[in-house]
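Colleague: A predicted structure for the sequence below; I have some questions about it.
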Amino acid sequence: DAGVIQSPRHEVTEMGQEVTLRCKPISGHNSLFWYRQTMMRGLELLIYFNNNVPIDDSGMPEDRFSAKMPNASFSTLKIQPSEPRDSAVYFCASSQTSLPLHFGNGTRLTVT
Amino acid sequence: AQSVSQHNHHVILSEAASLELGCNYSYGGTVNLFWYVQYPGQHLQLLLKYFSGDPLVKGIKGFEAEFIKSKFSFNLRKPSVQWSDTAEYFCAVNSYNNNDMRFGAGTRLTVKP
């Protein structure tokens, strides 16, 4: 089991550019979560999917953020346009219903 | 909406000291409770979990947590910390009927050798 796989590990981009973060959940898991971690706000739930369907996106900070899960093995989180305040570590996690989350290694995003 | 509060932002202890990190949640229904640990530069890992049964849960590395339903609390404890326990600790809650996992703000633990 390779665990939850996120890419890229690090992303440095300029303000205004589009950023796409990718996640491959653990095979067989039916729920997928995107979290953002910052020093100021801690770990925030952005959005989560059950069976590829977005269930709660109330944590998505602005319309600049969007997430998709076209199939059970892949999800993306897109920021367009990016801003310096989006700099954070973005974690993807997956689980089977009501079971503990398994986290990916995270993507450290720096927007200059 | 459910929320999770961790009372201590940063805890500094000497090796062999006892540890207790507070966690309170606000949710009226049945919940599942978790503690995750994040070592410096790493991703979050599950430390222990409570679903039902014995409210005293034992996890890895000598950690335990006690679920007190009347206090909506799930405090993490360890009798004797080690330098290698230096990490950030997150309490998390999800309701029994869905997967809406909410995390506390985290508590940074620094253990001095």
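Modeller: Yep, it's here. Predicted, not measured: the structure shown is a model, and the values here were computed from it.

Colleague: now the strands for the chain?
Modeller: No chain in the question, so chain A it is. With DSSP state E as the criterion, chain A has strands at A:5-7, A:10-13, A:19-24, A:31-38, A:42-50, A:53-56, A:65-71, A:74-79, A:88-95, A:102-103, A:107-111.

Colleague: um, chain B though
Modeller: B:3-5, B:10-14, B:19-21, B:24-26, B:31-38, B:44-50, B:56-58, B:64-68, B:73-78, B:87-95, B:102-103, B:107-112.

Colleague: which other residues reach the fourth one?
Modeller: So that's strand B:24-26. Residues outside strand B:24-26 that contact it (CB atoms under 8 Å, 6 or more residues apart in numbering or on different chains) are B:2-5, B:7, B:31, B:33, B:71-74, B:91, B:93, B:102. Where C-beta positions appear, they are placed from N, C-alpha and C, glycine not excepted.

Colleague: one step back: dump the strands of chain A into a markdown table; add mean pLDDT and distance to chain B as well.
Modeller: Converted to a markdown table, these look like this (pLDDT from 0 to 100; distance: least, CB to the nearest CB, whole Å):
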| stretch | mean pLDDT | distance to chain B |
| --- | --- | --- |
| strand A:5-7 | 97 | 9 |
| strand A:10-13 | 96 | 12 |
| strand A:19-24 | 98 | 12 |
| strand A:31-38 | 93 | 5 |
| strand A:42-50 | 90 | 4 |
| strand A:53-56 | 90 | 6 |
| strand A:65-71 | 97 | 14 |
| strand A:74-79 | 98 | 14 |
| strand A:88-95 | 94 | 7 |
| strand A:102-103 | 92 | 4 |
| strand A:107-111 | 96 | 10 |
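
Colleague: among these, which is nearest residue B:106?
Modeller: strand A:42-50 (5.1 Å; CB to CB).
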